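J.: can't give you the sequence, but here's the structure:
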């Protein structure tokens, strides 16, 4: 009986340890107390593509009359965010939808190629165009460009679906999971996360990434792009999310099995007598 009990404990804790390792993010058995890991942020800045919606505002200190020509009239608008039911109402900024050719119809300038540019690059491009073609002094235009439909979508069960809206020009997959809630990430298969990335030519790239490895921070998919979709496959048996719950369940299972084994040998001894 002792041998059977010992073998059971060995198998149980071995299986539990293996499963537990699969729910720990960014593992590295040789990880020092402090370490620096390279990322690919510069290579993964958000670049505009067809169907993006961007806002552009122009200010020219000392020449408000010229700036007005480059700005569409501001109109009241209401924006509904994907997270919760929050509705923001106020004055809308001038928005442009990037067409299939990667262009927008910009006031005064006309057709303007924006696909492939980052927000900063487009700000510099418009600034230089205004300075060279429309200003006669050294005035410095202030151009502000922002992507307004930067969204990340989540696919999953048990409340794991939905989307989040991003208000900055970059976000990591862990930041996105945190904003979304992260529950699906803890209970699902973190080592086989499916990232679906729409490409400018209309195709999709499907990539499997492993959130349990420390080298994820150096992956070209660590920083997400607009309209990325994340799917974390649920496990067949949902793992316990806290160590205390884990210990409690293991203890209960062991107690039940020990009790069962005890009853088995007890009744077996009675039958032998």
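T.: Structure received. Because the structure is a prediction, the values reported are computed rather than measured.

J.: So which residues of the stretch 151-273 of the chain form strands?
T.: Ranges of strands in the stretch 151-273 of the chain, per DSSP state E, counting those that start in this stretch, are 151-155, 162-165, 193-198, 204-209, 229-231.

J.: same for the second one, what does it pack against?
T.: It refers to strand 162-165. Using 3 or more Cβ pairs under 8 Å, 6 or more residues apart in numbering; DSSP states H and E, the elements in contact with strand 162-165 are strand 151-155, helix 173-180. For glycine as for every other residue, the C-beta is placed from the backbone atoms N, C-alpha and C.

J.: Quickly run through the sheet partners of that strand, with directions.
T.: Within its sheet, strand 162-165 is paired with strand 151-155 (antiparallel), according to DSSP bridges.

J.: Tell me which of the strands of the stretch 151-273 of the chain sits nearest to residue 256.
T.: Among the strands of the stretch 151-273 of the chain, strand 193-198 comes nearest to residue 256, with 34.6 Å by Cβ to Cβ.

J.: avg pLDDT for the closest one?
T.: Strand 193-198 shows a mean pLDDT of 93.

J.: got a list of what residue 126 touches?
T.: If you count contacts by Cβ atoms under 8 Å, 6 or more residues apart in numbering, residue 126 has them with 56, 58, 106, 109, 112, 141, 143, 145.

J.: repeat that for 7 Å
T.: Counting by Cβ atoms under 7 Å, 6 or more residues apart in numbering, residue 126 touches residue 143.

J.: pLDDT (mean, whole number) over the helix or strand hosting it?
T.: Element membership of residue 126, judged by DSSP states H and E, is helix 119-134. For helix 119-134, the mean per-residue pLDDT is 93.

J.: for it, which positions count as buried?
T.: Buried residues in helix 119-134, counted by 16 or more other Cβ atoms under 10 Å: 119, 122, 123, 125, 126, 127, 129, 130, 131, 134.

J.: Also stretch 222-235?
T.: 222, 223, 224, 225, 226, 227, 228, 229, 230, 231, 232, 233.

J.: what sits up against it?
T.: 39-41, 44, 46, 52, 147, 149-157, 160, 170-173, 176, 184-185, 187-190, 192-198, 216.

J.: same deal with stretch 65-73?
T.: Here stretch 65-73 has contacts from 57, 58, 59, 60, 94, 107, 108, 134, using Cβ under 7 Å, 6+ apart.

J.: contacting residues around the fourth one?
T.: Applying Cβ under 7 Å, 6+ apart, we find residue 60 in contact with 66, 67, 139, 141.

J.: in what helix or strand does the second one lie?
T.: Using DSSP H and E, the element containing residue 67 is helix 64-70.

J.: I'd like the next helix or strand past the helix holding residue 126.
T.: Moving toward the C-terminus from helix 119-134, the next helix or strand (DSSP H and E) is strand 142-147.
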